[in-house]
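> Sequence below, structure please.
(one chain, ligands or ions: 1)
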Amino acid sequence: MFQLPTTSEGVTRGSNRIIVQLLVLVVSLALYSENKGFSSSLQQPVEKTRHDDLELGRIVSYWAKQSDRNASMGIFRTETVLILVVKRHFTGEFEKKYEHIGLIPWLINNLADRECDRNGYPWTLLFGCASWNIWKRRNQGILGGGSTAAASTVKAIHSLTGDSQRAIDFADCSSHELKEVILNRHGFAEECLVSIKRKGKKNPLLSRASVLKMAVSTDCHKAQQDFPKVLILKPISFIAHVGEQHYASNKFTFLKAYDSSLPLHQFLSTHSPSIKAILASVGTPITADILQLLPEVGVVVTTSVGLNQVDLPECRRRGIKVANAGSVFSDDVADFAVGLLIDVLRKVSASDGYVRKGLWATKGDYPLGSKLGGKRIGIVGLGNIGFAVAKRLEAFGCGISYNSRKRKPHVSYPFYESVCELAANCDVLVICCELTDQTRHMINKEVLSALGKEGVIVNIGRGAIINEKEMVQCLVQGEIAGAGLDVFENEPDVPVELFAMDNVVLSPHVAVFTPESFLDLRDLVMGNLEAFFSNKPLLSEYGD
Ligand SMILES: O=CC(=O)O
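Numbering: from 1, shown residues only. Take a look at the predicted model:
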């Protein structure tokens, strides 16, 4: 049975009821909130129910799903905070079960009060959930789980959102022994204690809630000032996708240049002493000019696999570490590459358009596509992604050969030192390499001519690896058979000639993105930043 750490049975039962109400409320909230607003019925006390461990597990599981779904649909995003408090013996099991949402590791790392409570109850954190909106609307504190709960919750809220005002608003509760718990057990600042004592003397009626507010205010403010900053220059779409609350840490805070009205130059100069790291996406150039303004930066963490947006030589010169998205996208992007190839060969999109336009009935059958099995595939760049593409196409019965900077000693596929030679011996080229000075426009007219009239090119690397003008010309003149393109030289601009071609399949640089890979990316990004701030090796440090 799930129990609360209170001194008497009566209080325990009372607290249990509040927790149960809270749980039911949040589950209801998840159900009601989608496009419906919050029903007033949510404010009614709910019937007392017995929740054993199984029930608790089910609720957590339900919530985990809701929270995933809502994060990916962008409904709750920053509005909802989940704070879980589980018995100590739960944690190992939960850690495994819910590691995909990163919640339990977050709790374990971030909530300090994991030891037994002072009554010796062998469990750790409080279970509670809340939505800012609903609590703000009701203007009511929620914390019925005792002082430990109150303090944990407030700390968690601050850590999750990095927003002390929210934590303070939230803390408007009347819980027992807050002062003792917050000041002594949670290590709030000494000056805060002094100030509270002074105020308390002047006003003996000073509420516990005010004490908590002051304590949190001082602590949060201090903590926020002390945290080193991670600079974000432009909005990163996948953070919004996963939900910004999943990017909180007690080791650093995010500093968003795009939220400031200051010109970038001025903004960077103002904050440069506290900026120790940069988080950048694929569309955010990290140039020598920017790095020059940020002498304290020690790491650039990117949300992309490709690093062509980062001035790598300048980072090397300055001793700045660089971490990329490692292999989190490899499977998704490899699936997509195979999808593009099948689409081009078997004319999936083209015949879809044919049916939709009603041409099947009027013009008869659509021209047949060509078989994938047996095709000779040339992989350009046999890294994680190239290898994943090769494995998949091997399973379709294709023959694989490759070109890479170097021959891979443990790979049995035939290796071609020259990409032109590879093209001459293949039916399909799949571009999986990085964009560098060496690979820019590596796929030119000569390579495409070597690929030949029956040849197909698939590009999920970077647009500029192909000389786009020459490729378009080859397609227009029928010098190659088709193309599957996820990336382009000047995104989001796509050569208009391609729009009319049935033998070309286009997608808007999405090959890497799935909600599932975003969650993995979140863990990797946070892991890299946390590692940097703890002086540990980065999880996906880029080395060439
Ligand atoms: O294109 C996307 C990436 O490099 O991750």
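> got the contact list for stretch 537-544?
With CB atoms under 8 Å, 6 or more residues apart in numbering as the test, stretch 537-544 has contacts from 299, 301, 307, 312, 321-327, 524, 527-528, 531-532. Where you see a C-beta, it was placed from the backbone N, CA and C, and this is true even at glycine.
> element containing the closest residue to residue 341 other than its chain neighbours, please.
Of all residues not flanking residue 341 in the chain, residue 458 sits nearest, at 5.1 Å (CB to CB, 6 or more residues apart in numbering). In this assignment (DSSP states H and E), residue 458 forms part of strand 456-459.
> Looking at that strand now, give me its mean pLDDT.
Strand 456-459 carries an average pLDDT of 98.
> next one: stretch 303-318
If you average the pLDDT over stretch 303-318, you get 96.
> how long is that stretch from one end to the other?
21 Å (CA to CA, to the nearest Å).
> Now the strand or helix carrying residue 377: buried residues?
Secondary structure assignment for residue 377, by DSSP H and E: strand 376-380. Within strand 376-380, the residues that count as buried by 16 or more other CB atoms under 10 Å are 377-380.
> do the same with stretch 257-271
For stretch 257-271, a neighbour-count test (16+ other CB under 10 Å) marks 257, 267-268, 271 as buried.
> Render the CA-only coordinates of that stretch in PDB, please.
Presented in PDB, the C-alpha positions along stretch 257-271 are these (Å, rounded to 0.1, in the frame of the first residue of the first chain):
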ATOM      1  CA  ALA A 257      19.100  34.900 -27.500                       C
ATOM      2  CA  TYR A 258      15.900  35.000 -29.600                       C
ATOM      3  CA  ASP A 259      13.800  36.000 -26.600                       C
ATOM      4  CA  SER A 260      15.800  39.200 -26.100                       C
ATOM      5  CA  SER A 261      15.100  42.500 -27.700                       C
ATOM      6  CA  LEU A 262      18.800  43.300 -27.700                       C
ATOM      7  CA  PRO A 263      20.700  43.000 -31.000                       C
ATOM      8  CA  LEU A 264      22.600  39.700 -31.000                       C
ATOM      9  CA  HIS A 265      26.000  41.200 -30.700                       C
ATOM     10  CA  GLN A 266      25.000  43.200 -27.600                       C
ATOM     11  CA  PHE A 267      23.200  40.300 -26.100                       C
ATOM     12  CA  LEU A 268      26.200  38.000 -26.500                       C
ATOM     13  CA  SER A 269      28.600  40.600 -25.100                       C
ATOM     14  CA  THR A 270      26.300  41.200 -22.100                       C
ATOM     15  CA  HIS A 271      26.000  37.500 -21.200                       C
END
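> Show the average pLDDT along that stretch.
For stretch 257-271, mean pLDDT rounds to 89.
> next one: stretch 430-444
Stretch 430-444 comes out at a mean pLDDT of 97.
> For the ligand, tell me whether it is touching it.
No: using CB under 6 Å from any ligand atom, no contact is recorded between stretch 430-444 and the ligand, whose separation bottoms out at 8.6 Å.
> Adjust the sequence numbering to begin at 42 for everything that follows.
Shifting the count to begin at 42 puts that one at stretch 471-485.
> what residues does that stretch touch?
Residues from elsewhere that reach stretch 471-485, judged by CB under 8 Å, 6+ apart: 347-349, 378, 382, 418-424, 426-427, 430, 434, 445-446, 460, 470, 498-503, 505-508, 511-512.
> could you dump it to CSV, C-alpha only?
Written as CSV, here are the backbone C-alpha positions of stretch 471-485 (Å, rounded to 0.1, in the frame of the first residue of the first chain):
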residue,chain,number,x,y,z
VAL,A,471,22.6,6.7,-51.7
ILE,A,472,24.3,9.8,-50.3
CYS,A,473,24.9,9.3,-46.6
CYS,A,474,28.2,11.3,-46.0
GLU,A,475,28.8,14.6,-44.2
LEU,A,476,29.0,17.9,-46.0
THR,A,477,32.6,19.1,-45.8
ASP,A,478,34.9,21.1,-48.0
GLN,A,479,35.9,17.8,-49.6
THR,A,480,32.4,16.5,-50.2
ARG,A,481,30.8,19.8,-51.5
HIS,A,482,29.6,19.2,-55.1
MET,A,483,31.3,15.8,-55.0
ILE,A,484,28.3,14.4,-56.9
ASN,A,485,28.6,16.3,-60.2
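> Just the buried positions in it, please.
Buried residues in stretch 471-485, defined by neighbour count with 16+ other CB under 10 Å: 471-477, 480, 483-485.
> Could you list which of these belong to strands?
Cross-referencing these against strands under DSSP state E gives 471-472.
> export the buried residues of stretch 471-485 to a markdown table and tack on distance to residue 537?
Written out in a markdown table, the entries for the buried residues of stretch 471-485 read as follows (distance: CB to CB, whole Å):
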| residue | distance to residue 537 |
| --- | --- |
| 471 | 25 |
| 472 | 22 |
| 473 | 27 |
| 474 | 27 |
| 475 | 28 |
| 476 | 23 |
| 477 | 28 |
| 480 | 26 |
| 483 | 24 |
| 484 | 21 |
| 485 | 21 |
